[in-house]
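Structure of the sequence below:
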Amino acid sequence: MKDEKLFELNGVSFLYKKVHRKAIDNVSIDIDRGYLWGIIGPNGSGKSTLLDLLSGYRRPSSGSILFKGKEISEYSKRSLSKLISFVPQKFYINIPFQVKDIVIMGRYPFVPRFSNPSSYDLCLVDRVMRMLELEDLTDRYITELSGGEVQRVILARAFAQDAPVMLLDEPISNMDISHAIKVLNLIHKQVKTRRKTAIMAMHDINLASMYCDKLVIMSDGKVVSYGNTKEVLGEEIISKVFNVECEIYNDKGERYVLFKKKLINAGNTCCECTFL
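Residues are numbered from 1 along each chain as shown. So this is what the prediction gives:
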């Protein structure tokens, strides 16, 4: 079966004007439908900005982004919110909404104006909250929760939105490993059983290798490589992009990256310094 293009990026650049910094630099890639995509790269490599562009939140300074064959800027916000859910890296809120109210917000794109969520909407919200083990937090205020709990609430909102495309910016960064694995399993299941598309910025290269069908590897706003995970994730490119020595091991079909203490280019240190 031939892959179906979901996003087509052609010569896309994005410039933060206040600091005159090009966060995305002439990126041209196709993102196919029905896969779990991972975006990896060092801090400041452009992962979050790329997700912002794919969500329609930001517009490119130059180049074009097609979503399902149409310029993404031509979609209304309401239309996009039915097609794309977005989990930001950071979520700031100082209004004491209850957890269930936050999750219900995921259904707003589908609720007619001046109407209340339907019984289907409420049933879906309850199911999602059980999936993410949020039942005990239903009546808690979002402002009272830990960072990991807030992440699970925002993920639940995205799951309740039930859009065919999920964009996730480091969705497990504040979670313990048990909840992180559970969340990744849920995302993976959505992709495999319902042919959704998930595009996820990640820092953990081993988890990206385990869960992602395809990877986009970024450095300094550029895409260094992209494609099938097993084809693009190698020792040479990891060392080049992340400036650290590593070895890749294969075990029962899984690939693991073992990092070494030695940096490839540690820079110069002052010989008189006793701290570094």
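
average pLDDT across the helix or strand encompassing Ser81?
Per DSSP states H and E: Ser81 is located in helix 77-83. Averaged over helix 77-83, pLDDT sits at 95.

With stretch 184-199 instead?
Mean predicted lDDT for stretch 184-199 stands at 96.

Convert the C-alpha atoms of that stretch to PDB, please.
Written as PDB, here are the backbone C-alpha positions of stretch 184-199 (Å, rounded to 0.1, in the frame of the first residue of the first chain):
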ATOM      1  CA  LEU A 184       3.600   5.900  24.900                       C
ATOM      2  CA  ASN A 185       1.800   2.600  24.700                       C
ATOM      3  CA  LEU A 186      -1.600   4.400  24.400                       C
ATOM      4  CA  ILE A 187      -0.200   6.700  21.700                       C
ATOM      5  CA  HIS A 188       1.200   3.700  19.800                       C
ATOM      6  CA  LYS A 189      -2.100   1.800  20.100                       C
ATOM      7  CA  GLN A 190      -4.000   4.800  18.700                       C
ATOM      8  CA  VAL A 191      -1.700   4.900  15.700                       C
ATOM      9  CA  LYS A 192      -1.700   1.100  15.000                       C
ATOM     10  CA  THR A 193      -5.400   0.300  15.700                       C
ATOM     11  CA  ARG A 194      -7.000   3.500  14.300                       C
ATOM     12  CA  ARG A 195      -4.500   4.500  11.800                       C
ATOM     13  CA  LYS A 196      -4.000   7.900  13.400                       C
ATOM     14  CA  THR A 197      -0.800   9.900  12.900                       C
ATOM     15  CA  ALA A 198       1.300  11.000  15.900                       C
ATOM     16  CA  ILE A 199       4.200  13.400  15.600                       C
END
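
circling back: next secondary structure after the helix holding Ser81?
strand 84-87.

Partner strands of that next one, with direction?
For strand 84-87, the paired strands and their directions (DSSP bridges) read strand 165-169 (parallel).

contact partners of the partner strand?
With contact meaning Cβ atoms under 8 Å, 6 or more residues apart in numbering, strand 165-169 is reached by 6, 47-48, 51, 54-55, 83-89, 155, 158, 187, 190, 196-201. The C-beta positions use only the backbone N, C-alpha and C, and glycine is treated the same way.

Equivalent analysis for stretch 228-248, please.
In this structure, residues lying in contact with stretch 228-248 by Cβ under 8 Å, 6+ apart are 38, 41-42, 45, 205, 208-209, 212-215, 217-219, 224-226, 255-260, 262-265.

Stretch 9-29 now?
Outside of stretch 9-29, the residues within contact range by Cβ under 8 Å, 6+ apart are 7, 30-31, 46, 49-50, 53, 58, 60-66, 216, 220-223, 226.

try 6 Å
Identification of contacts with stretch 9-29 by Cβ atoms under 6 Å, 6 or more residues apart in numbering yields 46, 49, 60-65, 221-223, 226.

For this structure, which residues score under the pLDDT cut-off?
Applying pLDDT under 70 to the chain picks out residues 1, 264, 266-276.

For it, which segments are assigned as strands?
5-16, 21-32, 36-40, 62-67, 70-71, 84-87, 165-169, 197-201, 214-219, 222-228, 244-251, 254-263 (DSSP state E).

quick check, nearest of the contacts of stretch 9-29 to Ile95?
Distances from Ile95 to those, taken as Cβ to Cβ, are shortest for Thr49 (27.0 Å).

Go through the helix holding Ser81 and flag the buried ones.
80-81 (16 or more other Cβ atoms under 10 Å).

What separation do you get for the residue lying closest to Gly38 once chain neighbours are set aside and Ile199?
Ranked by Cβ to Cβ, 6 or more residues apart in numbering and with sequence neighbours excluded, the top spatial neighbour of Gly38 is Cys212, at 3.5 Å. Look at Cys212 and Ile199: by Cβ to Cβ, to the nearest Å, they are 10 Å apart.

again, but for Leu80
Computed as Cβ to Cβ, the Leu80 to Ile199 distance reads 14 Å.

Kindly report the same for Leu54.
Counting by Cβ to Cβ, the gap from Leu54 to Ile199 is 7 Å.

returning to that earlier point: of the contacts of strand 165-169, grab the buried ones for PyMOL.
To isolate the buried members of the contacts of strand 165-169 in PyMOL, using 16+ other Cβ under 10 Å:
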select buried, resi 6+47+48+51+54+55+84+85+86+87+88+155+158+187+190+196+197+198+199+200+201
